[in-house]
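> how would this look folded up:
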Amino acid sequence: MTGGALSDWLQQSLDRASDQPLYRQLRDLLLQAVMQGRLPAGGKMPSSRLLARELGIARNTVTEVYETLVAEGCLHGRGGSGTFVADLSADRIQAPAVSAQVEAEAAPALSTRGKLLRAGAGFAPNQWGAFMPGVPDVSEFPTRAWSRLLSRHWRKPAPERMTYAPPGGLPELRAAIAGHLRDARSLNCAPEQVIITTGSHQSVDLAARMLLDPGECVWLEDPCYWGLRSGLQSLDLDLRAVAVDGDGLNCASAEALPAPRMIIVTPSHQYPLGAVMSLARRQTLLERARRWGAFIVEDDYDSEFRYGTRPIACLQGLDRGGRVIYVGSFSKTLFPGLRIGYLVAPPALAAALADGSAELYREGQQLTQAVLADFIREGFLSAHIRRMRGLYGLRRQILREAIEREFGGALTASGDNAGLHLILRLPEGADDRRISAQALEAGIATRPLSRYYADAEKAPAGLLLGYACVKEAMIGPAFSRLAEILRRSI
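Numbers count the residues shown, from 1 in each chain. Sure, this is the predicted structure:
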């Protein structure tokens, strides 16, 4: 391409009405010309003065573009002789010719870990509205109080608060969480045992990475949250499903299974069934963990929102052998986008897990952690939980009444003594996955119960219906639309 042809091509290609700066457009066009061979290797570029005049742009713009392309190795300068197109052929790896069709059909190869993770993915694009389970009403969050605390810390932030967090997280937040858990959940813990994470997923991931080797056995509740199962599968662990009944995880049903190195449970409000682990089962679990040398990860899911009775004491409070790792987050009590959770480690493990967290995840957000620490210390968290417990209890009752009105006793609800959802039980043989998909097409989000079981084909049918993020006036009409779908399907 001669100098005149280059100028003509650039003149036609530059979009002077675009929001993209002319410098950026010119650099991209010249790079494209070099890569496509429009400008042959060794060819001399027009002088910056000449090209600027022909394009009607500032010479400084052309000079800056030339200097950038020289730095990127596309052009090179010869002292006093001008600027020339670089020969890129020597730097290219010559690959065998591949047809366009084969190249288009080739898919990126995922690792076995990546394939397992993607195959088990169950995240939903819609995270709000009727009847999305596990989602709080974020519109009720006390934004004024939070904003005031946020302004306090941002007014003149200390430099050390704007860098990476220390191992374990901000000390003030660790202390605030320890105090809250001692008062609200009867935990035995000191601030040094609290490790700040981005949520329950990261807490479990940290515990598994630091305490388990590939191939070691982990017991999971059946059913359980599939995100937990798929995340642990990607770590090459031997996952075993242990049945859950009305008293929680049933160790007696797992006598034939290998002894676990880790057991993950939701004893205060089993997810998704809502069962409470009996005291006898808790004591059995702790005794067997001690005998096996196993760790218990206690996910205290939705324990703050219990209706009719006080929150149930946690398993960690019964532990005398340092086997329980307690996991919680603020996703349900405050809002999911906050992305702050925590684990409470046994004293002998706390320092190692804090160091592991810092090395693996390189946490920050100290200013947000400082705001949350004040939010807890100044009583806003406890007040917000009390208020939302009453509101969610009302919405739960309205949904129960809607189910009764539409179906009488033909369909029953269960698992709603705590938490943010209930389970609508469906007749045997009903396809809860297909019904859930049909509901989503009608603008109603549900979760099929069978999706939570290790063997979905043998699982009972049901729908998880969240009531927390649905305004009271919308619950009845939304369930009426769902009821129409159910009548056509069962």
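> for the helix or strand hosting residue 70, list the C-alpha coordinates in CSV.
Assigned by DSSP states H and E, residue 70 belongs to helix 59-71. Output in CSV follows, covering the C-alpha atoms of helix 59-71 (Å, rounded to 0.1, in the frame of the first residue of the first chain):
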residue,chain,number,x,y,z
ARG,A,59,0.9,16.1,14.0
ASN,A,60,1.3,15.3,17.7
THR,A,61,-1.5,12.7,17.3
VAL,A,62,0.4,10.9,14.5
THR,A,63,3.7,11.1,16.3
GLU,A,64,2.2,9.6,19.5
VAL,A,65,0.6,6.7,17.4
TYR,A,66,4.0,6.0,15.7
GLU,A,67,5.8,6.0,19.1
THR,A,68,3.1,3.6,20.5
LEU,A,69,3.4,1.2,17.6
VAL,A,70,7.3,1.3,17.8
ALA,A,71,7.0,0.4,21.5
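> next structured bit after that helix?
strand 75-78.
> let me see the mean pLDDT of that next one.
Averaged over strand 75-78, pLDDT sits at 86.
> for residue 344, give the beta-bridge partners.
Taking DSSP bridges as the rule, residue 344 bridges to residue 194, residue 326.
> my read: it touches residue 326, true?
Yes. With contact defined as Cβ atoms under 8 Å, residue 344 counts as touching residue 326 (4.0 Å). Bear in mind the C-beta positions are built from the backbone N, C-alpha and C, glycine included.
> quick check: neighbours shared by those two?
181, 187, 189, 316 (Cβ atoms under 8 Å, 6 or more residues apart in numbering).
> list the residues that contact the last one.
Contact analysis of residue 316 by Cβ under 8 Å, 6+ apart lists 187, 188, 189, 298, 324, 326, 344.
> give me the low-pLDDT residue ranges for this protein?
Applying pLDDT under 70 to the chain picks out residues 1-3, 89-108, 120-127, 310-311.
> C-terminal to the biggest helix by length in it, what's the next element?
With secondary structure taken from DSSP state H, the chain has its longest helix at helix 380-407. Heading C-terminal from helix 380-407, the first helix or strand you meet, by DSSP H and E, is strand 413-414.
> strands paired with that next one, and their directions?
Sheet pairing for strand 413-414, assigned by DSSP bridges, gives strand 421-425 (antiparallel).
> buried sites along the partner strand?
Residues of strand 421-425 classed as buried: 421, 422, 423, 424, 425 (neighbour count, 16 or more other Cβ atoms under 10 Å).
> can you list the residues you listed in a markdown table and add distance to residue 480?
Output for those, formatted as a markdown table (distance: Cβ to Cβ, whole Å):
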| residue | distance to residue 480 |
| --- | --- |
| 421 | 19 |
| 422 | 17 |
| 423 | 19 |
| 424 | 14 |
| 425 | 19 |
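> could you give the number of residues near residue 458?
Around residue 458 there are 8 other residues, counting by other Cβ atoms under 10 Å.
> which strands and helices sit next to the longest strand seen in the chain?
Criterion DSSP state E: the longest strand present in the chain is strand 238-245. Helices and strands touching strand 238-245, by 3 or more Cβ pairs under 8 Å, 6 or more residues apart in numbering; DSSP states H and E, are strand 217-222, helix 226-233.
> what distance do you get for residue 278 to residue 250?
From residue 278 across to residue 250, the span is 10 Å (Cβ to Cβ, to the nearest Å).
> and what of residue 318?
For residue 318 relative to residue 250 (Cβ to Cβ), the value is 18 Å.
> again with residue 260
For residue 260 relative to residue 250 (Cβ to Cβ), the value is 14 Å.
> what comes into contact with stretch 266-274?
Contacts for stretch 266-274 (Cβ under 8 Å, 6+ apart): 133, 221, 223-225, 244, 248-249, 276-277, 281-282, 298-303, 306, 311-312, 314-315, 414-419, 421-423, 447, 449, 452, 464.
> please flag which of the residues you listed sit within helices.
281, 282.
> what comes up buried for stretch 435-451?
Judged by neighbour count (16+ other Cβ under 10 Å), stretch 435-451 contains these buried residues: 435, 436, 438, 439, 444, 445, 446, 447, 448, 449, 450, 451.
> again with stretch 309-319
Going by neighbour count (16+ other Cβ under 10 Å), the buried part of stretch 309-319 is 311, 312, 313, 314, 315, 316, 317, 318, 319.
> what's the burial count for the residue nearest to residue 353 when sequence neighbours are not counted?
Distances taken as Cβ to Cβ, 6 or more residues apart in numbering put residue 345 closest to residue 353, at 4.8 Å, once the chain neighbours are dropped. Neighbour count of residue 345, defined by other Cβ under 10 Å: 27.
> ditto for residue 406
17.
> nearest to residue 53 among the contacts of residue 316?
Nearest to residue 53 among the contacts of residue 316 is residue 344, at 70.7 Å by Cβ to Cβ.
> how near is the closest residue to residue 145 other than its chain neighbours to residue 168?
Spatial nearest neighbour of residue 145, chain neighbours left out: residue 380 (5.2 Å); criterion: Cβ to Cβ, 6+ apart. Taking Cβ to Cβ as the measure, residue 380 falls 23 Å from residue 168.
> between the two, which one's more packed in?
Relative neighbour count places residue 168 above the other of residue 380 and residue 168, with 25 against 17, counting by other Cβ under 10 Å.
> one step back: from the shared contacts of residue 344 and residue 326, which land in strands?
Going by DSSP E, the strands hold none of the shared contacts of residue 344 and residue 326.
> quick one, the helix or strand hosting residue 372 and helix 380-407 angle?
Taking DSSP H and E as the criterion, residue 372 maps to helix 366-377. Put simply, helix 366-377 runs at 80 degrees to helix 380-407, going by axes from the mean of the first three to the mean of the last three Cα atoms, to 10 degrees.
> thinking again about what came up before, pretty sure the residue nearest to residue 353 contacts residue 193?
Yes. Proximity of residue 345 to residue 193 meets the contact threshold set by Cβ under 8 Å, at 5.3 Å.
> check contacts around the residue nearest to residue 145.
Contacts of residue 380 by Cβ under 8 Å, 6+ apart are 142, 145, 146.
> 10 Å - rerun?
142, 145, 146, 149, 334, 372, 374 (Cβ atoms under 10 Å, 6 or more residues apart in numbering).
> so what's the residue nearest to residue 353 up against?
168, 189, 192-195, 203, 206-207, 210, 295, 322, 324-326, 351-354.
> okay, domains of the chain per the record?
Structurally, the chain divides into domains by automatic domain parsing as follows: 3-91, 141-378, 383-489.
> if we compare the ones you listed, which one ends up closest to residue 116?
Across these, closest to residue 116 is domain 141-378 (Cβ to Cβ), at 4.7 Å.
> end-to-end on the closest one?
One end of domain 141-378 sits 16 Å from the other (Cα to Cα, to the nearest Å).
> repeat that for stretch 253-260.
Stretch 253-260: ends 14 Å apart by Cα to Cα.
> same check on stretch 132-150?
Distance between the boundary residues of stretch 132-150 (Cα to Cα) amounts to 30 Å.
> please renumber so the chain begins at 52
Got it, first residue is 52 now, which makes that one stretch 183-201.
> which residue, neighbours along the chain excluded, lies closest to residue 409?
Leaving aside its sequence neighbours, residue 409 sits nearest to residue 218 (Cβ to Cβ, 6+ apart; 4.1 Å).
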